[in-house]
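1. Here is a sequence together with a model predicted from it:
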Amino acid sequence: MSVTSPAERDELNRLLIQTGRNDQKAFAELYKRTSSKLFGVCLRMLRDRGEAEEVLQETYTTVWRRAAGFDAAKASAITWLVTLSRNKAIDRLRQHREELLDEPSRLEETVDEQPTPAADAETSQEYRRLERCLDELEPQQRSSVREAFFTGATYNELATRCRVPLGTMKSWIRRSLMQLRTCLDQ
Amino acid sequence: MNTPADDGNNNLRYAEYVLGVLDADARAAVAHEIETTGEAATAVALWQRRLMPLADTIDEVTPAPYVWARIHDALQLDAPARVQPRKGLWDNLQLWHWLGIGASVVAATLAVVVSLPRLAPTAIVVNAGYMASTIQQDNGSTGWTATMDLQHARMVVVPATPVAFAQGRAPELWLIPAGGKPISVGMIARDKPTTLALDPALLARLGPTAALAVSVEPLGGSPTGQPTGAVVAKGAISVAPDGGSKVAMTGDGRADQARGRSSQA
């Protein structure tokens, strides 16, 4: 499934709006088209299949209950869905925060990981634009932003993983975010 | 009273929230702001639009079919509208060949399936999955063949070689998760196909590490919730070929089938 074409995006918006009207068929179709993407997101952040399955289930039960509040003027359906699954996954990570901090080896194994570079054809125009802006950041800062996004780690965790003081990590990320905003909003 | 500096700080917090670097308390504070102030909601939405495209690069991973079954169950969704008669498993000749059962059994099963009330949702098409098991008797002959339709949460159990049962005794089918206690799937017929609904707890445990077994029980089923009589047939579960692309063959499967442990009742 690719959600990068405008037609596909419109179709997902339609399905999510229909879901908000209690249309079960639309909900099933929405799940069929988006669950692999959202499961990929959950799995990437939680690194545990069972937990990712639970968070995916929570995500879609919330989708069913909150779809009526979806506003296509504010965000596309896929952005709304990915946001929801990330928020659920991050909440789950925060619940386990202490356990995770007790396992430095588990944290370190993710340090050097880079996202799989997707083929150009598989990414959206928005992604390519973001990628160009990310490329303008310092390499270390760029990889910290990516690491943060893909793993849902806190400032503290990121500082530990990258072996830099907390203050350094904060300023890297904050500067990067402001730089990205300037670049993207041009 | 927002000074430009406050605005900058707030905006940073919203960005940090969307990126996911805030700790639990700070996250909860922003989440509360989003609920209560339009300004926060708008700023967060803008940051989502800026950053969420990063998720484009995350590989998709198809979740197991039971996740949808759990969602469906948790939300108590009704069986959706009857669309066209369902196709798939029953039209999948490859599957029948794979199961190695004869045309007459197929015909008998089809007759049962066609006359079934539509309990299961028919409009829901998740990445379909089928599993199957050849449930063999101690002497190596096939007692039943079970086919599990994960998408519709049901199992059809077709008898192959009739197994003799004493008066007042009947076969009960059990799912045995790896390292777990048997879970009753239901009573099955000796002489005709039986269709059983699979609840989410059962669905969640189906898989190549689980096995099916048939034991001899009173007509109403085991009174204890665990097998009380002899196990007369047993079989491993395999994932069925899917649409002709991925074929999970097990050879003739007989050599490595687990044998029923106990003697015939």
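-> Arrived safely.

2. contacts, neighbours, all on C-alpha from now
-> Fine.

3. Now do residue B:160 against residue B:59, distance only.
-> Look at residue B:160 and residue B:59: by C-alpha to C-alpha, to the nearest Å, they are 43 Å apart.

4. Residue B:21 now?
-> Remark: distance between residue B:21 and residue B:59 (C-alpha to C-alpha) = 22 Å.

5. The two: who's more crowded?
-> Looking at residue B:21 and residue B:59 with other C-alpha atoms under 10 Å in any protein chain shown, you find the greater number of neighbours at residue B:21, namely 26 against 19.

6. three-state assignment of the more buried one?
-> Secondary structure for residue B:21, judged by DSSP: H, G, I helix; E, B strand; the rest coil, is coil.

7. tell me, how many neighbours does the closest residue to it other than its chain neighbours end up with?
-> Of all residues not flanking residue B:21 in the chain, residue A:154 sits nearest, at 4.1 Å (C-alpha to C-alpha, 6 or more residues apart in numbering or on different chains). The criterion is other C-alpha under 10 Å. On that basis, residue A:154 has 21 neighbouring residues.

8. surely residue A:154 meets residue A:148?
-> Yes. Applying C-alpha atoms under 8 Å as the test, residue A:154 and residue A:148 come out as touching, 7.4 Å apart.

9. who touches both of the two?
-> In the contact map built from C-alpha atoms under 8 Å, 6 or more residues apart in numbering or on different chains, the residues linked to both residue A:154 and residue A:148 are B:20-21.

10. for the top helix by length along chain A, packing partners?
-> Using DSSP state H to assign secondary structure, the helix with the most residues in chain A is helix A:24-46. The helices and strands touching helix A:24-46, judged by 3 or more C-alpha pairs under 8 Å, 6 or more residues apart in numbering or on different chains; DSSP states H and E, are helix A:6-20, helix A:49-66, helix A:77-95, helix A:139-151.

11. Dump it to CSV, keeping only the CA atoms.
-> Extracted as CSV, the C-alpha positions of helix A:24-46 are listed here (Å, rounded to 0.1, in the frame of the first residue of the first chain):
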residue,chain,number,x,y,z
GLN,A,24,-18.2,-0.3,9.6
LYS,A,25,-17.4,-1.2,6.0
ALA,A,26,-15.4,2.0,5.6
PHE,A,27,-13.6,1.3,8.8
ALA,A,28,-12.7,-2.2,7.7
GLU,A,29,-11.4,-0.8,4.4
LEU,A,30,-9.4,1.9,6.2
TYR,A,31,-7.8,-0.8,8.4
LYS,A,32,-7.0,-2.9,5.4
ARG,A,33,-5.2,0.1,3.7
THR,A,34,-3.4,1.6,6.6
SER,A,35,-2.8,-1.0,9.2
SER,A,36,0.5,-2.2,7.7
LYS,A,37,1.9,1.4,7.8
LEU,A,38,0.8,1.9,11.3
PHE,A,39,2.0,-1.5,12.4
GLY,A,40,5.4,-0.6,10.9
VAL,A,41,5.4,2.6,13.0
CYS,A,42,4.5,0.8,16.2
LEU,A,43,7.0,-2.0,15.7
ARG,A,44,9.7,0.5,14.9
MET,A,45,9.1,2.4,18.1
LEU,A,46,8.3,-0.5,20.5
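
12. Quick one: the strands in the stretch 51-200 of chain B, in order.
-> When secondary structure is read from DSSP state E, counting those that start in this stretch, the stretch 51-200 of chain B shows strands at B:130-137, B:142-149, B:154-159, B:169-176, B:183-187, B:194-197.

13. so can I have a markdown table of these showing distance to residue B:11, mean neighbour count and mean pLDDT?
-> As requested, the strands of the stretch 51-200 of chain B are arranged in a markdown table below (distance: least, C-alpha to C-alpha, whole Å; neighbours: other C-alpha atoms under 10 Å in any protein chain shown; pLDDT from 0 to 100):
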| stretch | distance to residue B:11 | mean neighbour count | mean pLDDT |
| --- | --- | --- | --- |
| strand B:130-137 | 50 | 26 | 85 |
| strand B:142-149 | 50 | 24 | 85 |
| strand B:154-159 | 51 | 22 | 84 |
| strand B:169-176 | 55 | 23 | 92 |
| strand B:183-187 | 54 | 20 | 91 |
| strand B:194-197 | 52 | 19 | 85 |
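
14. can you put those strands in a markdown table and add distance to chain A?
-> Shown next, in a markdown table, are these (distance: least, C-alpha to the nearest C-alpha, whole Å):
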| stretch | distance to chain A |
| --- | --- |
| strand B:130-137 | 17 |
| strand B:142-149 | 17 |
| strand B:154-159 | 18 |
| strand B:169-176 | 20 |
| strand B:183-187 | 21 |
| strand B:194-197 | 20 |
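
15. Which segments of the chain make up each domain?
-> You didn't pick a chain, so chain A it is. In terms of domains, chain A is parsed into A:1-95, A:97-186 (source: automatic domain parsing).

16. I was after chain B.
-> Per automatic domain parsing, the structural domains of chain B span B:4-57, B:65-239.

17. Next, format those domains as JSON lines and append distance to residue A:137.
-> Formatted as JSON lines, the domains of chain B follow (distance: least, C-alpha to C-alpha, whole Å):
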{"stretch": "domain B:4-57", "distance to residue A:137": "15"}
{"stretch": "domain B:65-239", "distance to residue A:137": "39"}
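
18. Worst mean pLDDT among those domains?
-> Looking at the domains of chain B, the lowest mean pLDDT belongs to domain B:65-239 (a mean of 74).
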